[in-house]
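> sharing a model prediction with you, sequence too.
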2 protein chains.
Amino acid sequence: MSTTTDPNLTSWIESANEAGCDFPIQNLPFGLFSRTGVDIRCIGIAIGDQVLDCRALVETGRLEGHCSSEACQALGSHRLNEFLALGRSEWRAVRERVSALLRSDMPDLKDDPNHREACLVPQSEVVLHLPMEIGDYTDFYASLHHATNVGSMFRPDNPLLPNWKNLPVGYHGRASSVVVSGTPLTRPCGQTVSADGDETSFGPVRLLDYELEVTFVVGPGNQMGRRIPIEDAREHLFGVMLMNDWSARDVQKWEYQPLGPFNAKNFCTTLSPWIVTLDALEPFMVDGPPRSEGDPSNLDYLTWADDFGVDLNLTVEIASAGMREQGMAPTLVSRGNYADMYWTMSQMLAHHTSTGCPMNPGDIFASGTVSGDAEDSRGCLLERTWRGQNPITLGDGTERKFLQDGDEVLITGWCEREGAVRIGFGECSGVVMPAREQVTA
Amino acid sequence: MSTTTDPNLTSWIESANEAGCDFPIQNLPFGLFSRTGVDIRCIGIAIGDQVLDCRALVETGRLEGHCSSEACQALGSHRLNEFLALGRSEWRAVRERVSALLRSDMPDLKDDPNHREACLVPQSEVVLHLPMEIGDYTDFYASLHHATNVGSMFRPDNPLLPNWKNLPVGYHGRASSVVVSGTPLTRPCGQTVSADGDETSFGPVRLLDYELEVTFVVGPGNQMGRRIPIEDAREHLFGVMLMNDWSARDVQKWEYQPLGPFNAKNFCTTLSPWIVTLDALEPFMVDGPPRSEGDPSNLDYLTWADDFGVDLNLTVEIASAGMREQGMAPTLVSRGNYADMYWTMSQMLAHHTSTGCPMNPGDIFASGTVSGDAEDSRGCLLERTWRGQNPITLGDGTERKFLQDGDEVLITGWCEREGAVRIGFGECSGVVMPAREQVTA
């Protein structure tokens, strides 16, 4: 086990040592923040209830001799892309040094009040931004349970298509509408068709849904015409974030053939603000993807003896506007685990680049909806309410088939295992605002 | 008719006045160039066989009093995005001033040898780049003939789906693999399945195809949650480029259901280097899209009394490596016209943003394959050879069902009409290089 994930480590930042804290010293996720009221974006690392300002830390000289000058320069950028481009050995060097500086037995920074104050900002005093500029965003469809459930609704005769177990099915998403947790979502308008297929109309979508997903942040990437072999995937995978890929099911049903989802998905995708690194996830890695008897064997380019899943717990909660006003806790509506996915992040990356498609630092690709076997582990309302047939009841007694205006959807994720310290992903949330234009036609 | 497209205009740059020149003074398309051997990118305007260096022109002071300081600053950038963001009135002011400065009866710049030399570079002495950084790239499917032809091959029972005439079907493409004309294309590898559906394999794709397309460059765009009404489309559409959306048909057939084309399309998309502005295309605008009796009427958000098509002639030619070595002319394989398209660029833009999906300056969206009614107006080999059943013969006597290594595909486009001066789009070309890795299995 790497020293940075040693469960015996504690930090001199006391809040990081509290039970249930998302950001103990074993986590050290990267994000982008600005101090409240100041319009300067800085790279930060979450620790307890604080953010470590990476640029300020570089300026104290404490990374010198431990991290390269390229890494120090990249950490002073207003976005994470330059740091992502540097690759795994540079990421590790920074992680190891930061871990060392924050340890209980390393009081150097703690005991320097000027530097400590320059480097640490309470999380309550920052605004969090998307950590990187996203050139391209891809969405996969890697959960067998999700693909089978949704397939059986959209194509009852043919739920799981023949390609599905042979390659990780994916499609290109819209990068311009990826936003950070907390950004409100305007209910989109769209074209839909009547149940009999005879009449189309345009207006606010009715079947608004969330999708519980996990997304992966790409590091150095590959040149066009080259590919990333599966056994090199770890060199190019920086970390993991939570994602809500909001979806308009009524639009999707009408538009998606033959070229896939388009307007049903391009209005908003919400990411959690912190990138949990693969180095932090090492204690929670599990064997490669689950396979059953009769499943086709993977082609060589999708096969890696050291492939891995992640034992990552996920929940979705909903709080209506009324519940929030009354101070009620949100209602748990789904719980899943990323380890259930059929395709791994390494397989998705290898497949995506197998054509020579270039990946750039900061590109993301997502798992698709994370659904498990059980009814309460279905990762979207379409599945959870079985297309609205089995509404769920919120804490305020109201029913939901799909999302209503004012609803807040909260996704959380955490890893915990015997012999490791629990780490969390923070929160991925968004509130549904009413459609801006009540256009009907 | 705008003064800048007046057919009586001539330029003191004599090459611009030659019959058949792509870049007469009525055209003035925008691009990005660097002088051979110099690694600085500048915004340029093609005129005859020259490029007008916009930054150098600004430095002569000749735009002052005619164009805003914002426009002058944007023209000094190393990419076109900042200029695209300024919007139509700024674009026009620059076009009108540049047109005036290049006219035969305006010898001011001509007669200043220092400024003239600073501002004009022969096209033979420049390298052309993608004019803008592309945040997102979308591909539509707007040709009725293409959709019907391809549909009948992939889905014989169900060629044209019920949604097709009600909304412009589109999907998100891969922005990272969009390249400028002249960039070689490496034959991609991919997963395919045997004809009986029993065996998958991975290796260089066999059914490599081109797609003749036209793409549209977005200007200011819209904020997330807002939309661009169809009647505002002109304010957001800067110009038009030629495009080859290379496609691997064997990969596409296996992977595309249910989420659409992915690896079959993400390895390379080639654009012509010059953006022909909508202002230059005004003399060639024709009535809105063709409709037949029985076609559904458009919903309001897709309806605009002033909607327009463009009478834009397109050809595709192929030259094998052997033909190029022997100095043979390439073989014409398709000819089309953009005016045949069922959906207009304004309809595509309005539909795309109708959900509140944000468009940013430099984003592009493409028409999809431009196919006409006739056999020789089919815009890809899949249609042109009817899936390889009717091979075409090149000038060197060899047959093509799909593209072979060494083949060069050249797309050209031009507009010509009674009472207007012909304008051209330059060339969109690429040579197929052999696959880098002969991986099988």
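Arrived safely, thanks for sending.
> what mean pLDDT does the longest helix seen in chain A get?
Looking across chain A with DSSP state H, the single longest helix is helix A:88-102. The pLDDT scores in helix A:88-102 average 98.
> and residue A:39, how many neighbours does it have?
Neighbourhood size, residue A:39 [other Cβ atoms under 10 Å in any protein chain shown]: 7. For the C-beta atoms, the positions are set from N, CA and C on the backbone; glycine is no exception.
> assign a three-state SS to residue A:253, would you?
Classification of residue A:253 using DSSP: H, G, I helix; E, B strand; the rest coil returns helix.
> quick check: closest non-adjacent residue to it.
residue A:154 (6.9 Å; Cβ to Cβ, 6 or more residues apart in numbering or on different chains).
> could you report the neighbour count for that neighbour?
For residue A:154, using other Cβ under 10 Å, the count is 17.
> helix, strand, or coil at the closest residue to chain B within chain A?
In chain A, the residue that lies nearest chain B is residue A:260 (2.6 Å; Cβ to the nearest Cβ). Using three-state DSSP, the secondary structure recorded for residue A:260 is coil.
> count of residues packed around the closest residue to it other than its chain neighbours?
Among residues not flanking residue A:260 along the chain, residue B:260 sits closest, at 2.6 Å (Cβ to Cβ, 6+ apart). By other Cβ under 10 Å, 27 other residues sit near residue B:260.
> the one 4 residues further on now?
By other Cβ under 10 Å, the residues close to residue B:264 number 24.
> distance of it from residue A:263?
Note on residue B:264: its distance to residue A:263, by Cβ to Cβ, to the nearest Å, is 22 Å.
> picking that back up, mind listing what the residue nearest to residue A:253 touches?
Residue A:154 is in contact with A:253, A:256, B:258, counting by Cβ atoms under 8 Å, 6 or more residues apart in numbering or on different chains.
> which of those are buried, as a PyMOL select command?
To isolate the buried subset of these in PyMOL, counting by 16 or more other Cβ atoms under 10 Å in any protein chain shown, use the following:
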select buried, (chain A and resi 253+256) or (chain B and resi 258)
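> just the closest of the contacts of residue A:154 to residue B:178, please.
Taking Cβ to Cβ as the measure, residue B:178 sits nearest to residue A:256 out of the contacts of residue A:154, at 24.2 Å.
> shouldn't that closest one be in contact with residue B:258?
Yes: if you go by Cβ atoms under 8 Å, residue A:256 and residue B:258 touch, sitting 7.1 Å apart.
> quick check: which ranges of the stretch 51-200 of chain A have low pLDDT?
The model of the stretch 51-200 of chain A has no residue with pLDDT under 70.
> ranges for the helices of it?
Under the criterion DSSP state H, counting those that start in this stretch, the stretch 51-200 of chain A contains helices at A:54-59, A:69-75, A:81-86, A:88-102, A:113-119, A:144-154.
> so which residues on the stretch 201-350 of chain A come close to chain B?
Residues of the stretch 201-350 of chain A lying close to chain B (Cβ under 8 Å from any Cβ of the partner chain) are A:201-202, A:224-227, A:248, A:251, A:254-263, A:266-268, A:296, A:299-301.
> from residue A:380, how far off is the residue of chain A closest to chain B?
Taken as Cβ to Cβ, the span from residue A:260 to residue A:380 is 17 Å.
> before we move on, what about residue A:350?
Here the criterion is Cβ to Cβ. By it, residue A:350 lies 27 Å from residue A:380.
> so which of these two has more stuff around it?
Set side by side, residue A:350 and residue A:380 show more neighbours around residue A:380, with 27 against 24, by other Cβ under 10 Å.
> that one and residue A:207 touch, don't they?
No: using Cβ under 8 Å, residue A:380 is not in contact with residue A:207, being 10.9 Å away.
> joint contacts of the two?
With contacts taken as Cβ under 8 Å, 6+ apart, residue A:380 and residue A:207 have no neighbour in common.
> what pLDDT does the closest residue to residue A:14 other than its chain neighbours get?
In space, and not counting its chain neighbours, residue A:14 is closest to residue A:48: 7.1 Å by Cβ to Cβ, 6+ apart. Looking at residue A:48, its pLDDT stands at 98.
> swap in residue A:1?
On the pLDDT scale, residue A:1 gets 50.
> can you give me the helices in the stretch 251-400 of chain A?
Using DSSP H, counting those that start in this stretch, helices in the stretch 251-400 of chain A cover A:278-281, A:321-325, A:345-353, A:381-384.
> so which of these comes closest to residue B:8?
Smallest distance to residue B:8 across these (Cβ to Cβ): 53.9 Å, for helix A:345-353.
> hang on, residue A:223 packs against residue A:358?
Yes: using Cβ under 8 Å, residue A:223 is in contact with residue A:358, at 6.1 Å.
> in three-state terms, label the spatially closest residue to residue A:306 that is not a sequence neighbour for me.
In space, and not counting its chain neighbours, residue A:306 is closest to residue A:231: 7.3 Å by Cβ to Cβ, 6+ apart. At residue A:231 the chain is in helix, as set by three-state DSSP.
> and for residue A:231, the neighbour number?
For residue A:231, the neighbour count with other Cβ under 10 Å is 14.
> over to the one 10 residues further on?
Residue A:241 has 27 neighbouring residues, counting by other Cβ under 10 Å.
> ok, now how distant is it from residue B:282?
46 Å.
> report the contact partners of the residue nearest to residue A:169 when sequence neighbours are not counted.
Using Cβ to Cβ, 6+ apart and skipping residues adjacent in sequence, the residue nearest residue A:169 is residue A:141, 4.6 Å away. By Cβ under 8 Å, 6+ apart, the contact set of residue A:141 is A:147, A:164, A:168, A:169, A:170, A:171, A:368, A:369, B:259.
> can you put the residues you listed in a markdown table and add neighbour count?
Putting those into a markdown table (neighbours: other Cβ atoms under 10 Å in any protein chain shown) gives the following:
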| residue | neighbour count |
| --- | --- |
| A:147 | 23 |
| A:164 | 20 |
| A:168 | 28 |
| A:169 | 26 |
| A:170 | 26 |
| A:171 | 25 |
| A:368 | 30 |
| A:369 | 31 |
| B:259 | 22 |
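> which one of these is nearest to residue B:133?
residue A:171 (22.7 Å).
> all strands of the stretch 201-350 of chain A, in order?
For the stretch 201-350 of chain A, the strands defined by DSSP state E, counting those that start in this stretch cover A:208-209, A:212-218, A:237-244, A:247-248, A:269-271, A:276-277, A:285-287, A:308-310, A:313-319, A:331-337.
> now do the contacts for residue A:225.
Neighbouring residues of residue A:225 by Cβ under 8 Å, 6+ apart: A:356, B:186, B:267, B:433, B:436.
> most neighbours of all these, which one?
Result: residue B:267 is most packed of these (other Cβ under 10 Å), 29 neighbours.
> quick check: that residue touching residue A:356?
Yes: if you go by Cβ under 8 Å, residue B:267 and residue A:356 touch, sitting 4.9 Å apart.
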